[in-house]
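[1] Predicted model and sequence follow; I will ask about them next.
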Amino acid sequence: MAEPAAVLPVTLEEKKAAARERARTARAAQAAGLDAGLVSISDAAAAYIRESAARSGLQPGVRLRILAGGCSGLEYKLDLLAVDDAPNPDEREVTSNDVRILMDLKSAIHVTGSVIDYESGLLRRGFRINNPNATGTCSCGDSFSA
């Protein structure tokens with residue numbers, strides 16, 4: 001029986017190269033007008049966002065930011081958009097499942113290809129971001145490393 005291959009830790013240089021590649025991909029997608037594939041929202045998350053926005057008198061949209069913090073180094077922050085919220089000059093706007101998503105370029109680089117989902121169960125209720133760029137996550141899923 002063959003031994004399983006050892007998993008080597010990702011070096012800092014490999015992380016930097018991956019981040020540069022994600023940045024190039026994000027800029028190319030923006031230039032081509034293809035931001036729609038940047039981040040998507042599941043049906044469950046879209047329904048929850050629309051319901052929360054209607055209950056609060058806000059528009060169906062979120063501002064997604066990646067901040068330093070959390071147990072894995074970076075954490076997700078989602079805020080509902082106010083009625084008059086427009087993208088800042090350094091932000092990009094994506095629409096998925098009829099929900100607006102605003103995010104700055106730094107955040108967009110970290111979440112390219114991600115799916116924002118919402119789950120409601122006995123043990124956990126809230127958003128879960130399925131991020132293909134995360135090299136590690138905490139057990140609650142609220143923070144990640146890239």
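    Looks like it arrived, so ask away. Numbers count the residues shown, from 1 in each chain.
[2] The residue positioned nearest the centre of the chain and residue 132, how far apart?
    In the chain, the residue lying closest to the centroid (C-alpha atoms, centre = their mean) is residue 111, at 4.1 Å. Separation of residue 111 from residue 132 (C-beta to C-beta, to the nearest Å): 9 Å. Where C-beta positions appear, they are placed from N, C-alpha and C, glycine not excepted.
[3] quick revisit: residues in contact with the residue nearest to the centre of the chain?
    By C-beta atoms under 8 Å, 6 or more residues apart in numbering, the contact set of residue 111 is 38, 39, 64, 66, 103, 129, 131, 133.
[4] Mind jotting down where the strands sit in this structure?
    Here the chain has its strands, by DSSP state E, at 39-41, 61-68, 74-80, 91-96, 99-104, 114-120, 125-130, 136-137, 143-145.
[5] Using CSV, please lay out those strands together with mean pLDDT.
    Output for the strands of the chain, formatted as CSV (pLDDT from 0 to 100):
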stretch, mean pLDDT
strand 39-41, 91
strand 61-68, 90
strand 74-80, 88
strand 91-96, 89
strand 99-104, 92
strand 114-120, 91
strand 125-130, 87
strand 136-137, 66
strand 143-145, 60
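[6] so which of the ones you listed gets nearest residue 18?
    strand 143-145 (11.7 Å; C-beta to C-beta).
[7] Can you name the residues bridging to residue 40?
    Beta-bridge partners recorded for residue 40 (DSSP bridges): residue 115.
[8] Please list all residues in contact with the residue lying closest to residue 52 once chain neighbours are set aside.
    Distance criterion C-beta to C-beta, 6 or more residues apart in numbering; nearest residue to residue 52, sequence neighbours excluded, is residue 80 at 6.2 Å. By C-beta under 8 Å, 6+ apart, the residues touching residue 80 are 49, 52, 53, 56, 58, 61, 62.
[9] Could you measure from the closest residue to the last one other than its chain neighbours over to residue 42?
    Pointing back at residue 62 there. What sits nearest to residue 62 in space, not counting adjacent residues and going by C-beta to C-beta, 6+ apart, is residue 78, at 4.9 Å. According to C-beta to C-beta, residue 78 and residue 42 sit 13 Å apart.
[10] who touches both of those two?
    With C-beta under 8 Å, 6+ apart, residue 78 and residue 42 have common neighbours residue 116.
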